[in-house]
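Novice: Next comes the sequence, and after it the predicted model I'd like to discuss.
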Amino acid sequence: MTGAFRTPEERFEGLPDFPFEPNYRTVGDLRLAHLEVGEGPPVVMLHGEPAWSFIWRKVIPPVRDVGYRCVVPDHAGFGRSDKPLDPAWQSLERHVELTGTLLEELDLRDVTLVSHDWGGPIGLTLALLHPDRVARNVILDTAIDSREAWLSEGWVRFREFVERTADLPVGEVMRATCFHDPGDGVVAAYEAPFPAPESKAALRGLPMSVPRMDDEDAAAAADAFYTALGRDSRPVLMVWAESDLILTLASGERLASRIGHRIDHVIPDAGHGLQEDQGPMIGGLIAEWLLGGP
């Protein structure tokens, strides 16, 4: 690794509706941040791009309030975590490995994994690797097959934009993923971790790492991933935004079908950033499902 950017703490002062204090741990040369909110069985919430743990702030309270411990990491390159400077450092495999160390260092067991966007392939891979720790999965608007991403015109436009843009306008990207305009204060909170172009390497590296449609090895890996998830007997809750323009409802239905499941709840008036649009509703659905004893 060729060094990392650490966002100054003052960038995170005065964030709207985000009273949660960070915890830090060191993995190799990186300082990684996570939230721990509440007590009880762990619910680990994994964000995507260009979000960070801030996106879960409306989902956390309903889950915490029914007796669960919400553990919410910032992936390397995002939020309060250190940000490797080389975009090529970013890969699914690295994020799976780093998130796995969180489960191990905190000795998390009976885990409910809640995964969104890039958190989906990270979390679902972790679930397959750690059946002794992960007990159930909640899946929100994600893709585990690169061919699915390239079917989305919204994804293709975003990927092309990322390829030619070193200084990604994070706040405006987040605004574009939402059904409702979140407002300037919330947009600024999404921008907070990324004060300079060199802090944004992950925002380029992850999209650029997605294999092309004609990558036969990636297609074979995706088929094996689908098969493994389809054979997995652990409980799954699938929640999808009705108006996601990046990973559409049809995309979610294809994912559900491939793993032998269904979409349990379609969230109205919500885009790809559905936690921002309908966070309390999503938190309530997860809480209700957990209390139902899956």
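Specialist: Ah, there it is.
Novice: wait, what's in contact with residue 64?
Specialist: 37-38, 70 (Cβ atoms under 8 Å, 6 or more residues apart in numbering). Heads up, the C-betas are built off the backbone N, CA and C, glycines and all.
Novice: Apart from its chain neighbours, what residue comes closest to it?
Specialist: residue 38 (3.5 Å; Cβ to Cβ, 6 or more residues apart in numbering).
Novice: do the same with residue 78
Specialist: Leaving out its chain neighbours, the residue that sits closest to residue 78 by Cβ to Cβ, 6+ apart is residue 52, at 4.5 Å.
Novice: Residue 18 versus the one you found, what's the distance?
Specialist: Computed with Cβ to Cβ, to the nearest Å, the distance linking residue 52 and residue 18 is 10 Å.
Novice: For these two, indicate the residue with more neighbours.
Specialist: The residue with more neighbours, out of residue 52 and residue 18, is residue 52; 27 against 17, by other Cβ atoms under 10 Å.
Novice: Just the residues contacting the worst-scoring helix or strand of the chain on mean pLDDT, thanks.
Specialist: Every helix and strand of the chain was ranked by mean pLDDT, DSSP states H and E. The lowest is helix 146-150, at a mean of 79. Identification of contacts with helix 146-150 by Cβ under 8 Å, 6+ apart yields 143, 155-156, 159, 210-213, 215, 218-219, 222, 247, 251, 254-255.
Novice: Tell me which of those fall in strands.
Specialist: Counting by DSSP state E, none of the members of those fall within strands.
Novice: what about the strands in the stretch 51-200 of the chain?
Specialist: All strands of the stretch 51-200 of the chain, identified by DSSP state E, counting those that start in this stretch, fall at 69-73, 83-84, 111-116, 134-140.
Novice: Nearest residue to the middle of this structure?
Specialist: Taking Cα atoms, centre = their mean, the centroid of the chain lies closest to residue 47, which sits 2.2 Å from it.
Novice: Just list the residues touching that one, thanks.
Specialist: 53, 55-56, 72, 74-75, 78-79, 116-119.
Novice: Recalculate using a threshold of 7 Å.
Specialist: Contacts for residue 47 were tallied using Cβ atoms under 7 Å, 6 or more residues apart in numbering; they are 53, 55-56, 75, 116, 119.
Novice: Which of those fall in helices?
Specialist: Counting by DSSP state H, the part of those found in helices is residue 119.
Novice: Closest to residue 240 out of the contacts of residue 47?
Specialist: When the contacts of residue 47 are compared for distance to residue 240 (Cβ to Cβ), residue 116 comes out closest, at 10.6 Å.
Novice: What is the neighbour count of the closest residue to the closest one other than its chain neighbours?
Specialist: Of all residues beyond its chain neighbours, the one nearest residue 116 is residue 140 (4.1 Å), with distances taken as Cβ to Cβ, 6+ apart. Using other Cβ under 10 Å as the criterion, residue 140 is surrounded by 31 other residues.
Novice: swap in the one 4 residues further on?
Specialist: If you count neighbours by other Cβ under 10 Å, residue 144 ends up with 23.
Novice: Report whether the expected contact of it with residue 225 is present.
Specialist: Yes - because the distance of 5.4 Å satisfies Cβ atoms under 7 Å, residue 144 is recorded as touching residue 225.
Novice: for this protein, which spans come out with low pLDDT?
Specialist: The model of the chain has pLDDT under 70 over residues 1-2, 293-294.
Novice: Residue 263: which element?
Specialist: With secondary structure defined by DSSP states H and E, residue 263 is part of neither a helix nor a strand.
Novice: and it, what are its phi and psi?
Specialist: phi -80, psi 120 (degrees, to the nearest 10).
Novice: and it, how many neighbours?
Specialist: As a burial measure, residue 263 scores 17 neighbours (other Cβ under 10 Å).
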